[in-house]
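1. turn this into a model:
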Amino acid sequence: MRFNLICDTFPMSRLIFFSAITYPENLDLAKLLFLNFTPNPNVFVYNTMISAVSSSKNECFGLYSSMIRHRVSPDRQTFLYLMKASSFLSEVKQIHCHIIVSGCLSLGNYLWNSLVKFYMELGNFGVAEKVFARMPHPDVSSFNVMIVGYAKQGFSLEALKLYFKMVSDGIEPDEYTVLSLLVCCGHLSDIRLGKGVHGWIERRGPVYSSNLILSNALLDMYFKCKESGLAKRAFDAMKKKDMRSWNTMVVGFVRLGDMEAAQAVFDQMPKRDLVSWNSLLFGYSKKGCDQRTVRELFYEMTIVEKVKPDRVTMVSLISGAANNGELSHGRWVHGLVIRLQLKGDAFLSSALIDMYCKCGIIERAFMVFKTATEKDVALWTSMITGLAFHGNGQQALQLFGRMQEEGVTPNNVTLLAVLTACSHSGLVEEGLHVFNHMKDKFGFDPETEHYGSLVDLLCRAGRVEEAKDIVQKKMPMRPSQSMWGSILSACRGGEDIETAELALTELLKLEPEKEGGYVLLSNIYATVGRWGYSDKTREAMENRGVKKTAGYSSVVGVEGLHRFVAAEKQNHPRWTEIKRILQHLYNEMKPKLDCLDLLEIEIK
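-> Predicted coordinates for the structure are as follows:
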């Protein structure tokens, strides 16, 4: 001010940049300087302010409007900041129009690549592909933006096609290209291509082979292709390893269910973080191992290593208890959540609700739901799903109505849960109403799963012809195995053999190696006394090498989860003790239940 520079654009631009970008806590001061002491802001000043307020879309676009009114020409940075502030496709399209009018697209590939990236992130691959196709001279960065975008969204085949086009155009891939290729190989479980990419990395020498990001991605790819031996070889060959490398190995073995190998890598780790512990805990918990092993590992983590558990730790333990039906273990974890004073948010509460529902304690699940501090759509959906599988269709529908009253918008998974609730409770008209209003009321087109639930609903209600009509005529997609399975199951009474035969024919086209359809049709023939057809169905099943998987029972004991089938009883190492306990239980019950003579025969 003393040098009378207060309204000079250059010094003011430095002050604004210092206040808005270098020390963003002084943003209010930067706004004051911009509005009152910068009468002639240039493009640098506008860009600085737009970048500083990028979290507020209205302010960003307001500044851009002011820029246009003052006839200040935007540059590529202006448009990049505006795109970063945008969250809707329509906004990016408007910015795209302004970029074309401004002529900035002729300044190189920078804005072209940015437009493609933002279109890809917003899920509009069609427009992104059109922009990419119009680029006059796409370079390696341009191809990388497209390939990475495809890989992130799971469109691995499209990413690979673009890679081959890139190579055919004579453009040399870089480490970002290779990283995306490894992701695609993992998604597709294409070990042959994965090995080829690995070879490409090794041939490029230490610049690429010593790149930790590529090496870790390589390990992850091998595990996703279920090649743990190759992953171990690649890991042992790595000259440098970071925490991510070790964790990738532990997580990879856990995914494959090889807890012995996961434990061995875990024991060799020079240092362990929360991810390492969470991965191992999840693996042991999911596999149904001895509860004491899981608890000892948890206490070693918290007491010996002083690692503080987080929500992911607890959800891993809860998920394991839910999958194995271990109620006592689930209650122990719930007690830990309370003692550690972890916030009962939607993420943690959803896991607890799922666990209690799968363990059959629906009342406790509802108590967790009521006491949750946050209720998002996932939490509501978990509770509705639990009620659905417990046959409480009316309560599920009431909760669905309450969810909408409280302003929570259901998603397509919620609608599937509601349809399942109607199916399991015989609420046909209510289910049809929800299905018929999915598009106009909730904005979702029915997917294969929704049609499958609708078919199941009609089949359970005995309306097989309507279900068959939907599958054959009204669905816009191919019917799934579950749909034909529902129709076949609905014919168990033997009234409609023709439909049962049709359902089996279609079912075998989709899953010829599964035994369920053969057994069901054989039983249907037996029900109506057509024993010859029943035997022929069983013979066809045997001739095709299809074997019936034996059903098993499971018991949760102190030493973990035990699974067994009836045929194994004589070979069980503790069969004598089991027989003695069964005999004791039989003797206790005999005075009250004479019908348990069947049990005595089975024991003998």
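2. please count neighbours and contacts with C-alpha atoms only from this point.
-> Will do.
3. tell me what the helix or strand where Val254 lies is packed against?
-> Secondary structure from DSSP states H and E places Val254 in helix 243-255. Contacts defined by 3 or more C-alpha pairs under 8 Å, 6 or more residues apart in numbering; DSSP states H and E place helix 243-255 against helix 212-224, helix 228-237, helix 259-268, helix 274-286.
4. next up, the contacts around Phe400.
-> Residues in contact with Phe400 (C-alpha atoms under 8 Å, 6 or more residues apart in numbering) are 380, 384, 418.
5. pull out the buried positions in stretch 82-95.
-> Across stretch 82-95, burial judged by 16 or more other C-alpha atoms under 10 Å covers 82-83, 85-86, 92, 95.
6. run a quick neighbour tally on Pro270.
-> Pro270 has 9 neighbours, counted by other C-alpha atoms under 10 Å.
7. correction: Pro446
-> Per other C-alpha under 10 Å, the neighbour tally for Pro446 reads 19.
8. you'd agree it is up against Met438?
-> Yes: contact criterion C-alpha atoms under 8 Å: Pro446 and Met438 qualify, at 6.9 Å.
9. how about low-confidence regions in the stretch 451-600 of the chain?
-> 493-495, 510-521, 523-525, 527-530, 533-535, 537, 540-572, 590-600 (pLDDT under 70).
10. that one: helices as residue ranges?
-> According to DSSP state H, counting those that start in this stretch, the stretch 451-600 of the chain carries its helices in the segments 464-469, 481-490, 497-510, 516-527, 531-543, 575-589, 597-603.
11. how is the chain divided into domains?
-> Following automatic domain parsing, the chain resolves into domains at 138-271, 447-553, 554-603.
12. nearest to Phe125, of the ones you listed?
-> Nearest of the domains of the chain to Phe125, taken as C-alpha to C-alpha: domain 138-271 at 8.6 Å.
13. how far off centre is the closest one?
-> Mean-position distance between domain 138-271 and its chain equals 20 Å (C-alpha atoms, centre = their mean, to the nearest Å).
14. now do it, average pLDDT.
-> Domain 138-271 shows a mean pLDDT of 91.
15. element containing Phe132?
-> If you go by DSSP H and E, Phe132 is part of helix 125-134.
16. please identify the buried residues of that helix?
-> With burial defined by 16+ other C-alpha under 10 Å, the residues of helix 125-134 counted as buried are 125, 128, 132.
17. does the first one touch Tyr119 like I think?
-> What that stands for is Phe125. Yes: applying C-alpha under 8 Å, one finds Phe125 in contact with Tyr119, separated by 6.7 Å.
18. so Phe366 sits against Asp354, correct?
-> No: using C-alpha under 8 Å, Phe366 is not in contact with Asp354; the gap is 10.4 Å.
19. so for those two, which residues contact both of them?
-> Residues touching both Phe366 and Asp354 by C-alpha under 8 Å, 6+ apart: Met383.
20. if you count surrounding residues, which of those two has more?
-> Remark: of Phe366 and Asp354, Asp354 carries more neighbours, 23 against 18, as counted by other C-alpha under 10 Å.
21. which residues does the more buried one contact?
-> Residues in contact with Asp354 (C-alpha under 8 Å, 6+ apart) are 322, 365, 382-383, 386.
22. okay, and it sits in which element?
-> With DSSP H and E as the criterion, the answer for Asp354 is helix 346-358.
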